[in-house]
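>>> coordinates only, no sequence provided:
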């Protein structure tokens, strides 16, 4: 057995070797995300008891400092009783939602052996199978609705004190100003910041709260060998507006939904979410569209800032190619919903290259 020299840490190598119990294996680094977690595919020279010839090793590295964390948290918010990925994954699995199985873990959850879901994200599946886009998109909306219907009581009651607050909305806006905007005059900067503060206060209180993934998009849904869509990267889950995750999915920086499918999915979610009690019956179609567009705009501003942050702070320029799509999404939203026009007019001059065409 061996690790093929692929830079596993000492603790990870020891953890894996102990668990393997003499079975021969090979380690293949996987393309990671932008968090402080690394992933390796562990291939065995024969099947093991779970019926698969491979698993995924996830290693969580030491937390980074403020403004360099995976995601901002609010002061005094409720903490997960253990590693968030492990605790939240167990909660979701217990509710019958598709998340990776956890085969083995160490005491603090910094090392996990996960079900190998393969390499195909929803974004890649949409590119490979354009004729199936309607079905795949609808399946993702079905999954989102099933997720949002879950009540964290009693087994994850701590989530009710982990709210996506106005402070967190504002931090995401400020993340854009810090990394995704060019230098601006004091007056220009102050004007935009005032608009962001107004938006943050409104978005945080407009709708009843549900479970919130915080990063629900086409690269955080895997299409496994059984054809299922499986949620990943859910460790920053909170409760908050149901439109935050919906906007993240519909106005995706990686794979936005094309018209007219967008309009169909927008209307479909509205009707089904109201029937399920996720959206209030009193929410009018016009108000729903307004709030959805505002959440979509906020999500793309945050993503824009995040992509530059990953380049500057984490020295990973791979996400810069996605920046122009965040700009295009904001431009689209500024025309799709008139209420966004004022905010877009204020933000557009602040965008820095790579700019959209």
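Structure's in. What do you need? Keep in mind the model is a prediction, meaning the values are calculated, not measured.
>>> hey, let's count contacts and neighbours off CA atoms from now on
Fine.
>>> okay, now residue 253: neighbour count?
By other CA atoms under 10 Å, the residues close to residue 253 number 24.
>>> tell me the spacing between it and residue 301.
Using CA to CA, to the nearest Å, one gets 10 Å for the distance from residue 253 to residue 301.
>>> if I look at the two, which residues touch both of them?
The contact sets of residue 253 and residue 301 overlap at residue 326 (CA atoms under 8 Å, 6 or more residues apart in numbering).
>>> so what secondary structure elements neighbour the helix or strand harbouring residue 133?
Following DSSP states H and E, one finds residue 133 within helix 133-148. In terms of contacts (3 or more CA pairs under 8 Å, 6 or more residues apart in numbering; DSSP states H and E), helix 133-148 is packed against helix 122-128, strand 210-212, helix 242-250, helix 261-275.
>>> what residue ranges in the chain score low on pLDDT?
Where the chain drops to pLDDT under 70, the residues are 1-6, 32-35, 46-52, 62-71, 74-76, 357.
>>> which residues of it fall in helices?
10-20, 84-94, 122-128, 133-148, 166-175, 186-203, 242-250, 261-275, 285-312, 323-336, 341-347 (DSSP state H).
>>> of all those helices, which lies closest to residue 29?
helix 10-20 (13.0 Å; CA to CA).
>>> can you list the buried residues in the closest one?
Neighbour-count burial for helix 10-20 flags 12, 15, 16, 17 (criterion: 16 or more other CA atoms under 10 Å).
>>> spit out the contact partners of the nearest residue to residue 176 once chain neighbours are set aside.
Among residues not flanking residue 176 along the chain, residue 305 sits closest, at 3.8 Å (CA to CA, 6 or more residues apart in numbering). Shown in contact with residue 305 (CA under 8 Å, 6+ apart): 175, 176, 177, 178, 179, 180, 181.
>>> which residue is nearest the middle of the chain?
residue 215 (1.6 Å; CA atoms, centre = their mean).
>>> isn't that residue up against residue 234?
Yes. Counting by CA atoms under 8 Å, residue 234 is a contact partner of residue 215 at 7.4 Å.
>>> which residues are in contact with both of the two?
Between them, residue 215 and residue 234 share no contacting residue, judged by CA under 8 Å, 6+ apart.
>>> can you list contacts of stretch 269-285?
Contacts for stretch 269-285 (CA under 8 Å, 6+ apart): 141, 145, 148, 149, 207, 208, 210, 242, 288.
>>> out of the residues you listed, who's nearest residue 261?
Nearest to residue 261 among the contacts of stretch 269-285: residue 141, at 12.4 Å, using CA to CA.
>>> ok, now how distant is that closest one from residue 181?
Taken as CA to CA, the span from residue 141 to residue 181 is 32 Å.
>>> more neighbours: which of these two?
A count of neighbours by other CA under 10 Å puts residue 181 above the other of residue 141 and residue 181, at 22 against 19.
>>> the more buried one contacts residue 352, correct?
Yes. Taking CA under 8 Å as the definition, residue 181 is a contact partner of residue 352 at 5.5 Å.
>>> list the residues that contact residue 252.
Here residue 252 is in contact with 217, 218, 300 (CA under 8 Å, 6+ apart).
>>> quick check: residue 108 touching residue 83?
Yes. With contact defined as CA under 8 Å, residue 108 reaches residue 83; the gap is 6.3 Å.
>>> hey, what's residue 114 bridged with?
residue 56, residue 102 (DSSP bridges).
>>> and it, how many neighbours does it have?
20.
>>> pretty sure it contacts residue 99?
No. Counting by CA under 8 Å, residue 114 stays clear of residue 99, with 9.9 Å between them.
>>> count residues in the vicinity of the nearest residue to residue 88 once chain neighbours are set aside, would you?
Leaving aside its chain neighbours, residue 88 sits nearest to residue 235 (6.6 Å; criterion: CA to CA, 6+ apart). Other residues lying near residue 235 total 19 when counted by other CA under 10 Å.
>>> can you check residue 194 too?
11.
>>> next one: the one 4 residues further on
Other residues lying near residue 198 total 13 when counted by other CA under 10 Å.
>>> how far away is it from residue 27?
Residue 198 is 49 Å from residue 27, by CA to CA.
>>> isn't residue 173 right up against residue 297?
No. Using CA under 8 Å, residue 173 is not in contact with residue 297; the gap is 10.2 Å.
>>> who touches stretch 196-215?
So stretch 196-215 is contacted by 147-152, 164-167, 169-170, 173, 233-234, 236-242, 244-245, 248, 278-280, 291, 294-295 (CA under 8 Å, 6+ apart).
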